[in-house]
Structures are given as structure tokens and as C-alpha cells.
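>>> Coordinates for the following, if possible.
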Amino acid sequence: MKIIHCSDLHLDSRMETNLDGEKARQRREELFASYEGMVNYAEEEGVRAILIAGDMFDRAHLRRVVRNRVLEPMEAHPDIDFFYLRGNHDNSDFLAGLEEEEIPSNLKTFTDKGWRSYEYGDLVITGAELSAENVRSMPARLALDPGKTNVLMLHGQTQDYLGHSPAEEVFLPAYRGKGIDYLALGHIHSYRQERLDERGVYCYSGCLEGRGFDECGPKGFVLINLSNGKLTSEFIPFAKRQLHEVFVELAPEDSMLQVMSKSDKALRNISEKDLVKLVFTGHISMDLELDTDRVLRRFVSCFFFIKAVDQTRTQIDFDAYLNDRTIKGEFVRLMQDSGLSDEDKERVTRLGMKALIGEELEE
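Predicted coordinates for the structure are as follows:
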């Protein structure tokens, strides 16, 4: 039996933090396309169940078209069961207002009232929606048959110690020794699998599509295979686009030509369909005007989206200005004797030199 574990689809996310209106609309559509593509993949691979471990949506008020886009693939694939529990971003019941006959019979849901289990022979899929009221009591109420293969679904941040915000916490020690073979988690947007105890593992599938540059790297879902009582799993990269945060370290001797060359080398192996955040680091000369707009003009047509961030620091040679009788020299000597920290000296000197030569101040 094959199962897909996914989470954090965040369908209908605005996607407007970095993107303009048209590209944001395109990325919103791609979120739906990845969900629909995953369902088609499931059909092709003979998957029996899809586990959606929370945060399927991203807005408090769910549009009808969004609900329909979720339900239509379920209705079109009656041989696949869909298991869905709400996460911390799922603020509304997307089935509210529907008649019973309008809800696909292959959609299996959970509540925060207690554990709910679904059996497939020797496999049992169990889950519950965590809340501030039940999070501490749920582990003690969990009773699984150790003779079965047990898959558990939860949404939250794993903790080895109980914290101050328990509503979104999965207290791992309380779930050890419970007969869990696979703990399917949602909430963290990157794939991660680790041992839960001697018997089982816990796994974050990550999100299907990265939405911001805090979600870089491969995105997709986990394909679980149960054969002869043995459960194995593998991560399946599935995102239509990947986000990359690329660091380019500069040196005081670098000119803009060298900046462009280093940028070209750093970006060479990234797909043109992807999104890139180019971050300049290191120390640069006071004489170098780091022109990030020039860099973007060079690469803007090479990727779906690219932005550049200047995190460099200016290397200041105070000795070179000891005998300089210009206003620049006087200003640098003033900074040298200012008593400021090295970091503040660098920042103020950099701004001051820009002001003296008539550059626009961006800090």
C-alpha cells in the first residue's frame, strides 16, 4: 500500500511579498497546480491515501473557488482517500455550509475532540487536531494496537520540553513507546525525518511550493510504501519552482566587473524558472559603488524572479586619510577619533562619504 504525506500547501496565499501582481497570480495558480499534479501522481503510482497534515489554506476567509479547487480532484479520484486535519493557518472549516452529499465520501477528517482512526487491514491511520485545551492530554489518551502498522497525523512544532505556547507543540517524549511507526507532521516547511523511538520515525514533509526566501531548497511530499508489514518512505521533490538564497562574498580589491563575474559564477547552475535572492557579503573598498541595480539588469531576464541585497561592509583605510586636507579627510579623521564602535564607525563613515559625493542615501 502506498501513501502520500504532504502538508502546508497554503493554497491561495497572496504571494505578494516579493512579486508583482501578475507573477503573484501566476504563483498562486502554481500552488493549485502542484496540489492537482500531486493527486495525478498518486493515481499513476497506485497511491491509496493522501495525508494532508494541516495548513492546506492561507486565508481566514475561504473563497468558494478555492474550496472547489480542493474538492474537485478528490471527487475525480474516488479510489484515493484524502485525510485532512486543520493546522494553525486553517482558520475556517472549509466544509461549512455544504450538504452531506456535497462532501466527497473519500475525504476523511479529524477533530480536536479526541483521536479518530481509520483502518486498512493491518494499517491504521490515526489523527487529531491539536489545540491549547487538548495538547497536554492527547498523548495519554492515545491507545494504539502494537500489532498493527500505525501512522499518526499531527500538526505542530516538535518539542522535547513543554513550552509556553502549547497549542502548536508536539511534545515528542509523550509519543515515544506508543507503537507509532510513522508520525506524519505538518508545520515546518522543509523536509525532515528523524527517529521517534526504536520502532518509528517522525517526519515533516515540508511544503509543496516555497513561497518566500525563508523557504529555500527542494520542496515536495513524502511517498510511504507499506509492503509485507515493513514501512519505508522517500522524499519526492515536486515543486514547480525552487527558491535560492545565493551568497556572493566580495573583497576590497573587487571592481564592479569582478562583482558581475562573481555573480555570474554563483548563479550559473540555477534554473531559469526559479526565484533567486542574491546576497552580497564581505568587505568592499570605499571607492566601490556597489551597483545592485546594474547586477539586476544583467540577470533579470535569466530567472522568474531575482532580487539583490547588499550586506557588505566598507573597509576603511584611516591611515590613507591622515594627511588628506579635503573635507573627506577631515570627516574620516573625525570618525577615527569619535569613540564609536568599529561597526558604527564603518556605518557612519560609509553614509558620510556617500553624502559628500552626492549619492542617494538608502540607510
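>>> just checking, what packs against the longest strand along the chain?
In the chain, ranked by residue count with DSSP state E as the criterion, the top strand is strand 275-285. Here strand 275-285 is seen to pack against strand 243-250, helix 256-267, helix 292-299, strand 305-310, strand 313-315 when contacts are counted using 3 or more C-beta pairs under 8 Å, 6 or more residues apart in numbering; DSSP states H and E. In short, each C-beta sits where N, CA and C put it, glycine included.
>>> Next, the buried residues of the shortest one.
This points to strand 313-315. Of the residues in strand 313-315, those buried under the neighbour-count criterion (16 or more other C-beta atoms under 10 Å) are 313-314.
>>> Does anything pack onto the following helix or strand past that strand? Which helices or strands?
Following the chain from strand 313-315 toward its C-terminal end, the next helix or strand by DSSP states H and E is helix 327-336. Using 3+ C-beta pairs under 8 Å, 6+ apart as the contact criterion, the elements in contact with helix 327-336 are helix 342-356.
>>> Tell me which residues are up against the helix it packs on.
Surrounding helix 342-356, the residues in contact under the criterion C-beta atoms under 8 Å, 6 or more residues apart in numbering are 286, 313-314, 316, 327-328, 331-332, 335-336, 338, 340, 360-361, 363.
>>> angle of the least confident helix or strand in the chain by mean pLDDT against strand 275-285?
Ranking every helix and strand in the chain by mean pLDDT, DSSP states H and E puts helix 342-356 at the bottom, with a mean of 76. Inter-element angle recorded for helix 342-356 and strand 275-285: 90 degrees (by axes from the mean of the first three to the mean of the last three C-alpha atoms, to 10 degrees).
>>> Would you mind giving the orientation angle of helix 342-356 with respect to helix 327-336?
Angle between the axes of helix 342-356 and helix 327-336 is 160 degrees (criterion: the same axes, to 10 degrees).
>>> Contacts for the longest strand of the chain next, please.
For strand 275-285, the external contacting residues (C-beta under 8 Å, 6+ apart) are 18, 210, 213, 241-254, 259, 263, 266-267, 270, 290, 292, 295, 299, 303-315.
>>> what do you get if the cut-off is 7 Å, keeping everything else the same?
Contacts of strand 275-285 with the rest of the structure, by C-beta atoms under 7 Å, 6 or more residues apart in numbering, involve 213, 241, 243-252, 254, 263, 267, 270, 290, 295, 303-315.
>>> Stretch 179-198 too?
5, 7-8, 51, 53-55, 87, 144, 146, 149-157, 168, 170, 172, 175-177, 199-207, 215, 217, 224, 231, 233, 235.
>>> picking up where we left off before, show me how to select, in ChimeraX, the buried members of the contacts of helix 342-356.
Selecting the buried subset of those in ChimeraX, with 16+ other C-beta under 10 Å as the burial test, is done by:
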select :286,313,314,316,328,331,332,335,336
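>>> Name the weakest-confidence residue in the contacts of helix 342-356, if you would.
The member of the contacts of helix 342-356 with the lowest pLDDT is residue 363, and it reads 51.
>>> ok, and what's touching stretch 138-148?
By C-beta under 7 Å, 6+ apart, the surrounding residues in contact with stretch 138-148 are 114-115, 122-124, 126, 128, 130, 150, 171, 174-175, 178-180.
>>> how about 8 Å then?
Contacts for stretch 138-148 (C-beta under 8 Å, 6+ apart): 114-115, 119, 122-124, 126, 128, 130, 150, 152, 171, 174-175, 178-180.
>>> which among these end up buried?
Among those, those classed as buried by 16+ other C-beta under 10 Å are 123-124, 126, 128, 130, 150, 152, 171, 174-175, 178-180.
>>> mind showing which ranges of this protein have poor pLDDT?
Per-residue confidence for the chain (pLDDT under 70) gives these ranges: 162-167, 317-318, 321-322, 353-354, 356-363.
>>> Return the backbone torsion pair for the residue most central in space within it.
Residue closest to the average C-alpha location in the chain (C-alpha atoms, centre = their mean): residue 215, at 3.2 Å. Residue 215 adopts backbone torsions of phi -130, psi 50, taken as degrees, to the nearest 10.
>>> burial count for the closest residue to it other than its chain neighbours?
Nearest residue to residue 215 in three dimensions, chain neighbours excluded: residue 189, at 4.9 Å (C-beta to C-beta, 6 or more residues apart in numbering). Burial of residue 189 is recorded as 23 neighbouring residues (other C-beta atoms under 10 Å).
>>> and residue 189, which of the three is it?
Residue 189 falls in the coil class when you classify it by DSSP: H, G, I helix; E, B strand; the rest coil.
>>> separation between it and residue 206?
When C-beta to C-beta, to the nearest Å is the yardstick, residue 189 and residue 206 sit 6 Å from each other.
>>> what do the two both touch?
Going by C-beta under 8 Å, 6+ apart, residues that sit against residue 189 and also against residue 206 are 8, 219.
>>> After the top helix by length along the chain, which helix or strand is next?
With secondary structure taken from DSSP state H, the chain has its longest helix at helix 21-45. Next in sequence after helix 21-45, counting helices and strands by DSSP H and E, comes strand 47-52.
>>> Could you name the helices and strands sitting against the helix or strand just after that following strand?
Sequence order places helix 64-76 as the next helix or strand after strand 47-52, per DSSP H and E. Packed against helix 64-76, as judged by 3+ C-beta pairs under 8 Å, 6+ apart, are the following elements: helix 21-45.
>>> Tell me which residues of the helix it packs on come out buried.
By neighbour count, and taking 16+ other C-beta under 10 Å as the criterion, the buried residues in helix 21-45 are 24, 27-28, 30-32, 34-35, 38-39, 41-42.
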